[in-house]
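Enquirer: I need the structure of the sequence given here:
(one chain, ligands or ions: 2)
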Amino acid sequence: MSLIVQKFGGSSVADAERIRRVARRVVASRQAGHRVAVVVSAMEGETNALLTLADDFGGPDCSARESDVLLATGEQKAIALLALAIQQLGQDAQSFTATQMGLRTDSQHGRARIEHIDATRISAALDAGCVAVLAGFQGTDAEGQLTTLGRGGSDTTAVAVACALKADLCEIYTDVDGIFTADPKLVPAARKLERIAYSEMIELASLGSKVLQIRSVKIAMNYRIPLHVRSSFHEGAGTWVMREEDVMERLIVSGVTYNRGEAKIRVSGVKDTPGVAARLFGPLASAGIVVDMIVQNVSHDTTTDMTFTVPRADFARAMAIAEKIGPKLGSTGVEGDDGIAKVSVVGLGMKDHAGVAAKMFDVLARENINIEMIGTSEIKISVVIEEKYMELAVRALHAAFVEDGAETPAAEK
Ligand code: ASP
Ligand code: MG
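Expert: Residues are numbered from 1 along each chain as shown. Ligands and ions are numbered 1, 2, ... in the order given. As a prediction, this is how the structure comes out:
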């Protein structure tokens, strides 16, 4: 008998029929002899609708406290409905809000972090043969205030609950069949991966794959909880996210991803002296702007250019800061461009193979796509290109690295 945490996202509980289907699935796991805790998100579209309401009433300065009280209602509604649907099938079930399940977070409304889960009540329910139906996304701080974990936060709730319960595994039920080698909407030849390492999944999630909230994967990695990402619409196996050692097939490239959510800023001709980068990036950080890629040119005549990317939503604010600081650093000009996209290839096998970057650049060159910035990590290579070439780049890279007959870079390190 295993202890399984199952997480169902908003699309899996979008209407009454789907909630009943989830209930049947949960009951089947229970009948197979497992102890089951279920984490649910708000019904599809609900969180967006609540955010629009908050906007109508509070505007951009809407009280973060009240916004969280409002957002938490989405998950509260979903757990009650699912618990009722499970009970109708003759199986005991009990719903738990964050407060009832003792899910404690810090006090950062809208992006709270989980500090502790007191699993006593959930365990008691499971011991009594009951299915525990838990609200995702919400938490409660030391003062008893409601908080939320940020968009997609139910994934993180599920993995954190799995850790607290020392569960055998965490199943993430969703509206896709698993993790794909590329977005199937863009690349019809994309295929589902059987297994992927936590480290690869973390890169994919941070690069724009929206299947899992990145924090959930980091927690799963730290506590070694195997994740099974699978469809809530059929029984077929999905993708296992697991330890590097357990992923047999170390693909050179297991995913090609894209992100058009960034913008690029270049501050030209700044002095190449100690402290310049700190004076530029300090104020951006203080403004809460997360800088992604940074490239500093080789200095000529003791001046250099600094180019970096920021989330597109923060572009205007970042430009204003760069324009203010730039002249103080001797800059001759600040230029911005929000028509860019970042395209990346990710794969564990890059650790053992040379020539992946060269091959990537060659593929892009053959399509006549100009590379504006390059960034790498041990298992990832990213390039910034003009946004209008993004789809072409993703397809060409997928064809070259993933599709049948794709030759691998010859040189083994
Ligand atoms: N309902 C929340 C959202 O839409 C949390 C989640 O779905 O994971 O972001
Ligand atoms: Mg989600």
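
Enquirer: C-alpha only now, for contacts and for neighbours.
Expert: Noted.

Enquirer: for the stretch 251-400 of the chain, what lies in contact range of ligand 1?
Expert: Contacts of the stretch 251-400 of the chain with ligand 1, taken as CA under 6 Å from any ligand atom, are absent.

Enquirer: hey, where'd the strands end up in the stretch 251-400 of the chain?
Expert: 255-259, 262-271, 294-296, 303-311, 333-337, 340-346, 373-377, 380-386 (DSSP state E, counting those that start in this stretch).

Enquirer: what is the last one packed up against?
Expert: Using 3 or more CA pairs under 8 Å, 6 or more residues apart in numbering; DSSP states H and E as the contact criterion, the elements in contact with strand 380-386 are strand 340-346, strand 373-377.

Enquirer: check the ones you listed for me and report the most buried one.
Expert: Between those, strand 340-346 has the highest mean count of neighbours, a mean of 26, where neighbours are mean count of other CA atoms under 10 Å.

Enquirer: lowest-confidence stretch among the helices and strands packed on strand 380-386?
Expert: The weakest mean pLDDT among those belongs to strand 373-377, with a mean of 93.

Enquirer: that strand vs strand 262-271, what angle?
Expert: Counting by axes from the mean of the first three to the mean of the last three CA atoms, to 10 degrees, strand 373-377 lies at 100 degrees to strand 262-271.

Enquirer: so for the helix ranked longest in the chain, what gets flagged as buried?
Expert: Longest helix in the chain by number of residues (criterion: DSSP state H): helix 64-88. Across helix 64-88, burial judged by 16 or more other CA atoms under 10 Å covers 64-87.

Enquirer: quick revisit: want to throw the strands of the stretch 251-400 of the chain into TSV with distance to Arg104?
Expert: What follows is the strands of the stretch 251-400 of the chain, written out as TSV (distance: least, CA to CA, whole Å):
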stretch	distance to Arg104
strand 255-259	33
strand 262-271	33
strand 294-296	36
strand 303-311	30
strand 333-337	41
strand 340-346	34
strand 373-377	34
strand 380-386	35
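
Enquirer: where does the stretch 1-150 of the chain dip in pLDDT?
Expert: 60-61 (pLDDT under 70).

Enquirer: show me what from it comes close to ligand 1.
Expert: So the stretch 1-150 of the chain meets ligand 1 at 9-10, 41-42, 47, 137 (CA under 6 Å from any ligand atom).

Enquirer: and these, which of them are in helices?
Expert: Thr47.

Enquirer: of the residues of the stretch 1-150 of the chain next to ligand 1 - the most surrounded one?
Expert: Ser41 (32 neighbours; other CA atoms under 10 Å).

Enquirer: list phi and psi for that one.
Expert: phi -90, psi 170 (degrees, to the nearest 10).

Enquirer: how about the strands in the stretch 101-250 of the chain?
Expert: Using DSSP E, counting those that start in this stretch, strands in the stretch 101-250 of the chain cover 103-105, 114-117, 131-135, 138-140, 146-148, 169-174, 195-197, 227-231, 239-242.

Enquirer: export those strands to TSV and append columns for mean neighbour count.
Expert: TSV is the format used below for the strands of the stretch 101-250 of the chain (neighbours: other CA atoms under 10 Å):
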stretch	mean neighbour count
strand 103-105	24
strand 114-117	17
strand 131-135	29
strand 138-140	30
strand 146-148	29
strand 169-174	24
strand 195-197	24
strand 227-231	23
strand 239-242	23
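
Enquirer: same list (those) but as JSON lines, adding distance to Thr181.
Expert: Putting the strands of the stretch 101-250 of the chain into JSON lines (distance: least, CA to CA, whole Å) gives the following:
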{"stretch": "strand 103-105", "distance to Thr181": "34"}
{"stretch": "strand 114-117", "distance to Thr181": "31"}
{"stretch": "strand 131-135", "distance to Thr181": "31"}
{"stretch": "strand 138-140", "distance to Thr181": "31"}
{"stretch": "strand 146-148", "distance to Thr181": "31"}
{"stretch": "strand 169-174", "distance to Thr181": "17"}
{"stretch": "strand 195-197", "distance to Thr181": "10"}
{"stretch": "strand 227-231", "distance to Thr181": "14"}
{"stretch": "strand 239-242", "distance to Thr181": "11"}
